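Peer 1: Let me see the structure of the following:
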Amino acid sequence: MSANTAQPLERITVAICTRDRPAFLEETVRHILEQEVGCPWELLVIDNGQAHPVDTVIDAMQSDIEIRVALEPQPGIDRARNRALLEARGDVIVFADDDITALPGWLDAYRVEFENPEVGGAGGRIFPMLPDEAERWTRSLSLHIGGPPGRYDYGKIGQDIDLKRQSAPFGGNMALRTEPARQVGGFSENFGYGRRRVPGEDTEIFVRLAATGARLRYSPGATVMHRVPLDKLTMPYFISWWRGLGISRTLVRRSGQYATVASAPMWPMSVIRFLKYSIRRGWHAHLSPRWLRAVQKQQVALGEVLEGLRGLRGNA
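Peer 2: Predicted coordinates:
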């Protein structure tokens, strides 16, 4: 993109969706307000019906940046993000989870990406920060892209995202051009936490944006640290998350959008994969890297099988 084709942004909206984590929210907001950005911006906090009012945290903040709070009483990150899309005043909306620490240059890196009018979505690096009490096996898994720790890292060089070989950006650190995101229907409410643990509402919207011809960008300058709470570093949580990923993949494939994305096995293959990795799980030592890998693939396949059976019953 040449300097002549760059289109400066009128405003950026930074959106944080939060529920019952005032201490996490306070630290996240404090670091975001320290950002230096080459265009006007606002901070929008979506209160997802929590017992601890967001206003208590926001009122204590001293900043020249406009901070707004909007309520989404229906639980679910998908609904909260759709409320943010509805309320956003910026031509770009940057989503940050309430448990991230934005590094210097984070928001301005997104400004630079979206000055290219062809860019419809972008994501930056996410590095997990695990508590000292975290078990060793969780630390090995946090080195891989995805999963509950939420690592997203394709290196130090910015590039277009190819959904056939790379994951779409994660909701903890992603940005969308606001109006195109609204035009494709916002976030699907078939996914998201709050009612059942089915990840994918964040990455799925990028599939629909890509189908319109929008460019997706990986922006390494937009880096955050993800403060992972200890209660998300247990084996039951990982198993539930992996199984939810399998459900998510099946839902996206059923929508007809998965043709552009890699790693979309057909449902009968999911049964074979489940049996295969159930056997492999028994071959390896408990919590060894190969055991963890087998459990991950087994549970993803199980999620695909369960959602496939649900779909068959629905069509009967």
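
Peer 1: Show me how far the helix or strand of the chain with the lowest mean pLDDT is from its chain's centre.
Peer 2: Every helix and strand of the chain was ranked by mean pLDDT, DSSP states H and E. The lowest is helix 54-58, at a mean of 82. Per CA atoms, centre = their mean, to the nearest Å, the displacement of helix 54-58 from the mean C-alpha position of its chain is 24 Å.

Peer 1: what's next to it, contact-wise?
Peer 2: The contact list for helix 54-58, computed with CB atoms under 8 Å, 6 or more residues apart in numbering, reads 18, 22, 25-26, 29, 45, 47, 67, 69. For the C-beta atoms, the positions are set from N, CA and C on the backbone; glycine is no exception.

Peer 1: If you count neighbours, what's buried in that helix?
Peer 2: Neighbour counts over helix 54-58 (16 or more other CB atoms under 10 Å) mark 54, 57-58 as buried.

Peer 1: just stretch 47-56 next, same as before
Peer 2: Buried residues in stretch 47-56, counted by 16+ other CB under 10 Å: 47-50, 54.

Peer 1: swap in stretch 28-45?
Peer 2: For stretch 28-45, a neighbour-count test (16+ other CB under 10 Å) marks 28-29, 31-33, 35, 37, 39, 41-45 as buried.

Peer 1: Please go through the chain and pick out the longest helix.
Peer 2: helix 289-315 (DSSP state H).

Peer 1: Now do the buried residues in that helix.
Peer 2: Buried residues in helix 289-315 (16+ other CB under 10 Å): 291-308.

Peer 1: list the helices and strands it packs on?
Peer 2: Where contact means 3 or more CB pairs under 8 Å, 6 or more residues apart in numbering; DSSP states H and E, helix 289-315 is packed against helix 136-141, helix 235-254, helix 267-281.

Peer 1: Following element in sequence after the first one, please.
Peer 2: With elements assigned by DSSP states H and E, the helix or strand that comes after helix 136-141 is strand 159-160.

Peer 1: Now do that next one: distance to the chain's middle.
Peer 2: Relative to its chain's centre, strand 159-160 lies at 18 Å (CA atoms, centre = their mean).

Peer 1: Who does the next helix or strand after it pair with, and is each partner parallel or antiparallel?
Peer 2: Downstream of strand 159-160, the next assigned helix or strand under DSSP H and E is strand 173-177. Paired with strand 173-177 in the same sheet, following DSSP bridges, are strand 92-97 (antiparallel), strand 119-129 (antiparallel).
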